[in-house]
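In: Curious how this folds, go ahead:
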Amino acid sequence: MLTGDLVELRPVRVEDLPTLYEMSADLDTWEERNPTPAAPVTRVEFDEKVARRRATTDHVEFAVTADDQLVGRCTLMHEDTLARHAEVGIGLTADAVGKGYGTDALRVLAEYAFTRRNLRRLHLVVVASNERAIASYRKVGFVEEGRRREHCWVRGAYEDEVIMGLLRSEWPSD
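Out: Numbering: from 1, shown residues only. From the prediction side, this is the model:
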């Protein structure tokens with residue numbers, strides 16, 4: 001288990017899957033979480049995706065808990081073992097948003113990535129209208145590295161996709 005100021009990161013458990021499925025299937029927040037067109041997701045499709053992720057070695061997923069309650073998940077994805085970088089992803093339950101859990105979870109995940117997995121760079125992508133997420137990522141130390149202009153179709157309009165990164169050399173060491 002990895003501990004932050006507000007959250008703990010632990011392995012995903014079977015009992016977490018119904019909540020994680022609800023988060024994954026939420027069409028209201030789809031575009032903030034997926035590069036693919038919004039579409040319904042069945043529980044079977046979700047379970048198959050979870051099984052595929054668990055079978056890979058370049059994907060590490062944690063459940064995010066606060067006060068022993070599941071509040072989301074965070075992930076290291078597409079780890080490049082030669083260049084020592086990975087993409088990060090985070091998702092919270094609707095009632096956990098705005099409480100600092102995401103920022104704390106991302107700090108803990110970055111610490112794990114840099115000190116335990118020996119990564120030197122983390123990156124993420126986010127739609128430009130997701131200002132709350134961008135502010136959270138900046139608090140952790142991520143900086144905007146670029147934009148893909150009008151790259152994403154979000155609820156009837158094109159939006160920029162913001163690319164952010166964090167280098168281990170920029171990470172505060174204790």
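In: Quick check: bridge partners of Arg147?
Out: Beta bridges link Arg147 to Val162, judged by DSSP bridges.
In: Pull up the gap between it and Glu161, please.
Out: Applying Cβ to Cβ, to the nearest Å, the value for Arg147 to Glu161 is 7 Å. Heads up, the C-betas are built off the backbone N, CA and C, glycines and all.
In: So the two - more neighbours on which side?
Out: Taking other Cβ atoms under 10 Å, Arg147 and Glu161 do not tie; Glu161 has more neighbours (18 against 12).
In: Run through the residues that contact the more buried one.
Out: Going by Cβ atoms under 8 Å, 6 or more residues apart in numbering, Glu161 touches Val125, Val126, Val127, Ala128, Arg147, Arg148, His151, Cys152.
In: so of those, which ones are in helices?
Out: Among those, no residue falls in helices (DSSP state H).
In: overlap in contacts of Arg147 and Glu161?
Out: Contact criterion Cβ under 8 Å, 6+ apart; residues bridging Arg147 and Glu161 by contacting each: Ala128.
In: Need the residues that contact the helix ranked longest in the chain.
Out: In terms of residue count, the longest helix belonging to the chain (DSSP H) is helix 101-115. Contacting residues not belonging to helix 101-115 are listed as 2-7, 9, 62, 64, 66, 71-72, 74, 76, 86, 88, 90, 92, 96, 119-120, 122, 133, 136-137, 139-141, 166, 168, 171 [Cβ under 8 Å, 6+ apart].
In: and the worst-scoring helix or strand of the chain on mean pLDDT, how far out from the chain's middle?
Out: Lowest on mean pLDDT, DSSP states H and E among the helices and strands of the chain sits helix 30-33, with a mean of 75. A distance of 11 Å separates the C-alpha centroid of helix 30-33 from that of its chain, computed with Cα atoms, centre = their mean, to the nearest Å.
In: now for that helix, which elements pack on it?
Out: On a contact count with 3 or more Cβ pairs under 8 Å, 6 or more residues apart in numbering; DSSP states H and E, helix 30-33 meets strand 121-127, strand 143-154.
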